[in-house]
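Colleague: here is a sequence together with a model predicted from it:
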Amino acid sequence: MIKSAVTISLVDEARGGPFVFWSGLADAFSQAAELGYDGIEIFAPGPDVVDRQELAQLCEQHGLLVAAVGTGAGMVKHGLNLTDANDDKRLRAKEFIRSMIDFGADFSAPAIIGSMQGRWSPEVPRDRALSYLAESLNELGAYAAQRGVQLLYEPLNRYETNLLKTLGEGVQFLATLATANVKLLADLFHMNIEESDLAAAIRQGAGNIGHIHFVDSNRQAAGRGHLDFAPIADAIQQCGFSGYMSAEALPVPDSRTAAETTISTFRRLFR
Ligand code: LER
Ligand code: MN
């Protein structure tokens, strides 16, 4: 069954970013539970900032699961990415992600590689950047498999990366990897910029999509922009997706309204 999730950011440096809740885990868990979400996606500054016992207790108390954990703090807080020209920084980027895989795995949740993929540049040409990315995804994907979780790779729009921008490019890239444990994260906001047909892209990605960022054209809650969700939802259901539709949306006009709007759009489309 397709599940619902909502994001929380614990990273001050990411203020202004597309996360619904910003006021701590206890607040996010109680609001998400009240609204009937299945899970919470956590954007944390690092693996040790969240007390794991406290998080386990919140999950239990509210009957919620951890849907996924973001790794972008490695970029926004520490300036790291997997395709950096500097060997040491690439290594540190990988170690940061490995530590976030461990954190997520303690809650059976996959880690997401989004902005940590970086971009190609004159210093690191495209082919080399893609081979750095493949090397890291192979290593980290195998590591995640050992820990019993998937690793999610997210194509981003052209303003955030110049590596892989569509699901189709993502599918082709995954096929070159030695590990089968890396799945795609389909973010409807990025797709709205890069895909010519979102529903067709989802159908073509069937079987490779592990998680969805459920958001509208303007990065507000699903239902507050101009995406035509009916054909997208049909494609998601018909391709047998059973992961999370996670609200990675701006807290506009406020967190509560964004969370309410998302879950009511989710119910209309998927229940
Ligand atoms: C960034 O634009 C995004 O969509 C995040 O999920 C990437 O970490
Ligand atoms: Mn996203």
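Modeller: Great, that's in hand. Ligands and ions are numbered 1, 2, ... in the order given.
Colleague: CA atoms for contacts and neighbours, from now on please.
Modeller: Noted.
Colleague: list phi and psi for Met245.
Modeller: Recorded main-chain torsions at Met245 are phi -100, psi 110, according to degrees, to the nearest 10.
Colleague: for it, grab the count of nearby residues.
Modeller: Residues within reach of Met245, counting by other Cα atoms under 10 Å, total 28.
Colleague: oh, and call the first residue 47 from now on, that's how I've got it
Modeller: Understood, numbering begins at 47; the last thing we discussed is Met291.
Colleague: check contacts around it.
Modeller: The neighbours of Met291, taking Cα atoms under 8 Å, 6 or more residues apart in numbering as the test, are Ile48, Lys49, Ser50, Ala51, His257, Ile258, His259, Phe260.
Colleague: got the contact list for the fifth one?
Modeller: By Cα under 8 Å, 6+ apart, His257 lies in contact with Leu198, Lys229, Leu230, Leu231, Ala232, Gly289, Tyr290, Met291, Ser292.
Colleague: can you do 7 Å?
Modeller: With contact taken as Cα atoms under 7 Å, 6 or more residues apart in numbering, His257 is in contact with Leu230, Leu231, Ala232, Gly289, Tyr290, Met291.
Colleague: do Phe275 as well
Modeller: Residues counted as contacts of Phe275 (Cα under 7 Å, 6+ apart): none.
Colleague: near ligand 1, which residues of the stretch 47-196 of the chain show up?
Modeller: Applying the criterion Cα under 6 Å from any ligand atom, the portion of the stretch 47-196 of the chain that neighbours ligand 1 consists of Gly118, Gly160, Ser161.
Colleague: quick one, strands of this structure?
Modeller: When assigned using DSSP state E, the strands of the chain occupy the ranges 49-55, 85-89, 111-116, 157-159, 197-199, 228-233, 255-259, 290-293.
Colleague: and the ones you listed as a markdown table, adding mean pLDDT and distance to Val96?
Modeller: Output for the strands of the chain, formatted as a markdown table (pLDDT from 0 to 100; distance: least, Cα to Cα, whole Å):
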| stretch | mean pLDDT | distance to Val96 |
| --- | --- | --- |
| strand 49-55 | 99 | 12 |
| strand 85-89 | 99 | 10 |
| strand 111-116 | 99 | 11 |
| strand 157-159 | 99 | 15 |
| strand 197-199 | 99 | 20 |
| strand 228-233 | 99 | 24 |
| strand 255-259 | 99 | 23 |
| strand 290-293 | 99 | 20 |
